[in-house]
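In: Got a predicted model here, sequence first, then my questions.
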Amino acid sequence: MDEISTEWVAEPELDDPAFVEGLPGVGHVGKLVAEHVVEEADSQLVCRVHSEHFPPQVTVDDDSVAELAAAEIHAVETEGRDLLVLTGNHQAQDNVGHYRVTDAFLDVAETFDTTDVFALGGVPTGELVEEHDVVGSVSDADLKEELAEAGVEFRSEEPAGGIVGSSGLLVGLGGKRGFDAVCLMGETSGYLVDPKAAKVVLAVLEELLGFDVDEEALDDRADEMEEVVSRLQDMEDGPSPGDEDLRYIG
C-alpha cells in the first residue's frame, strides 16, 4: 500500500463548492456537524483517502465486510453553495502523517476548483457550557469581517496552544496554498461528545454558505446528552456518605 492513496468513487459536477472538514476532535463537534450534513442532505461519496498514517485497523460493516480505515469526502448539493464534506473516524497518528494527509485532502479540494476551506472543531473550556459561542481562526485577516457578521468571535491567542490536527493544518497549509481557509470552533467542555456545540457551529456554517438542513437528529442527540450531563451533576451534588453509610459491593 502507498503511504497515501485516494480511491475515487465518483466525479460529480459541483457549483463553486466549499470544502468542509469534520474529523474527530474535541467534543467531536466537527465530526457531528459533518456527519449530520452528509446524512440529512443529498450527498454522494466522492472518494476515500487511505493512509499508512491512519490506525492499523479495519471497520466491519453490517455484512461483516472489512474496510481499511479511511477518510471519506462526500459531495453535497444544497440550495446555496455546494459542499465537499470530509468525514471519518480517525486522524493521522503522527506529525508527518498529519501534514501529508492534510495535503491530500487539499489536493481533492483543488480538483474541484475549490477556493474556500472550512475546518470545524471544538474549543475546550474545561467546564460545562450553557451558552455555546463559536470561536474562529482564519488564514487571512481579511476573512474576519464576514465571519464576525455571522456571529463568530475572534479572541486573541485563543485557543491556547493553537489548533492541533487536520483542522489547524487545513487553515495553515490551506493559506499557504492560496485557499481562503477558516476554522470554526464551538465552545465545549471537552469532556463529552457535544451535540449542542455542534448545533451552533452548524448554524454559522449554514448562514455563511446559504444552506439549511433538518436539525431534528442533532436535537435528539443534544437531549440525550443533556440527560447524561444532568445525571453527572446530580452525582456531583449529592451528599457525601458518612462512614456509617459505606457499603461494599462484591
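Out: Received it, and whenever you're ready, just let me know what you need.
In: C-alpha from now on. contacts and neighbour counts both.
Out: Noted.
In: For the most centrally placed residue in the chain, give me phi and psi.
Out: In the chain, the centroid-proximal residue (C-alpha atoms, centre = their mean) is residue 30; its distance is 1.8 Å. Dihedral angles of residue 30 (phi, psi; degrees, to the nearest 10) stand at phi -60, psi -40.
In: For it, give its distance to residue 226.
Out: To residue 226, residue 30 is 19 Å away according to C-alpha to C-alpha, to the nearest Å.
In: Could you find the closest non-adjacent residue to residue 206?
Out: With sequence-adjacent residues excluded and distances taken as C-alpha to C-alpha, 6 or more residues apart in numbering, residue 206 is closest to residue 212, at 5.8 Å.
In: Show me the shaky parts of the chain.
Out: Applying pLDDT under 70 to the chain flags the ranges 229-230, 232-250.
In: what about the strands in it?
Out: Here the chain has its strands, by DSSP state E, at 4-8, 18-21, 42-51, 58-60, 66-68, 71-77, 83-88, 116-124, 134-138, 152-153, 180-188.
In: Let me know which of these is tucked in deepest.
Out: Mean neighbour counts were compared across these using mean count of other C-alpha atoms under 10 Å; the top stretch is strand 180-188, at a mean of 28.
In: roughly how far out does that strand sit from the chain middle?
Out: 9 Å (C-alpha atoms, centre = their mean, to the nearest Å).
In: about what we covered before: could you provide the strands of the chain in a markdown table, with additional columns for distance to residue 206?
Out: Below are those laid out as a markdown table (distance: least, C-alpha to C-alpha, whole Å):
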| stretch | distance to residue 206 |
| --- | --- |
| strand 4-8 | 27 |
| strand 18-21 | 12 |
| strand 42-51 | 15 |
| strand 58-60 | 31 |
| strand 66-68 | 32 |
| strand 71-77 | 13 |
| strand 83-88 | 11 |
| strand 116-124 | 12 |
| strand 134-138 | 13 |
| strand 152-153 | 13 |
| strand 180-188 | 12 |
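In: With respect to residue 231, which of those strands lies nearest?
Out: For the strands of the chain, the distance to residue 231 is smallest for strand 180-188, at 18.0 Å, taking C-alpha to C-alpha.
In: now the closest one against strand 134-138, angle please.
Out: For strand 180-188 against strand 134-138, the angle by axes from the mean of the first three to the mean of the last three C-alpha atoms, to 10 degrees is 150 degrees.
In: Now do the helices in the protein.
Out: 29-40, 95-111, 144-149, 166-176, 195-209, 216-237 (DSSP state H).
In: Using CSV, lay out the ones you listed together with distance to residue 21.
Out: Below are these laid out as CSV (distance: least, C-alpha to C-alpha, whole Å):
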stretch, distance to residue 21
helix 29-40, 7
helix 95-111, 9
helix 144-149, 17
helix 166-176, 7
helix 195-209, 12
helix 216-237, 18
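In: To residue 49, which of the ones you listed lies closest?
Out: helix 95-111 (7.8 Å).
In: counting contacts, what elements does that closest one pack onto?
Out: With contacts taken as 3 or more C-alpha pairs under 8 Å, 6 or more residues apart in numbering; DSSP states H and E, helix 95-111 sits against strand 4-8, strand 42-51, helix 166-176.
In: quick one: contacts of the first one?
Out: Read that as strand 4-8. When contacts are defined by C-alpha atoms under 8 Å, 6 or more residues apart in numbering, strand 4-8 is touched by residues 46, 47, 48, 49, 50, 51, 52, 100, 101, 104.
In: same question, the last one
Out: With contacts defined as C-alpha under 8 Å, 6+ apart, helix 166-176 is touched by 21, 23, 91, 98-99, 102-103, 106, 117, 119-121, 138-140, 162, 180-183.
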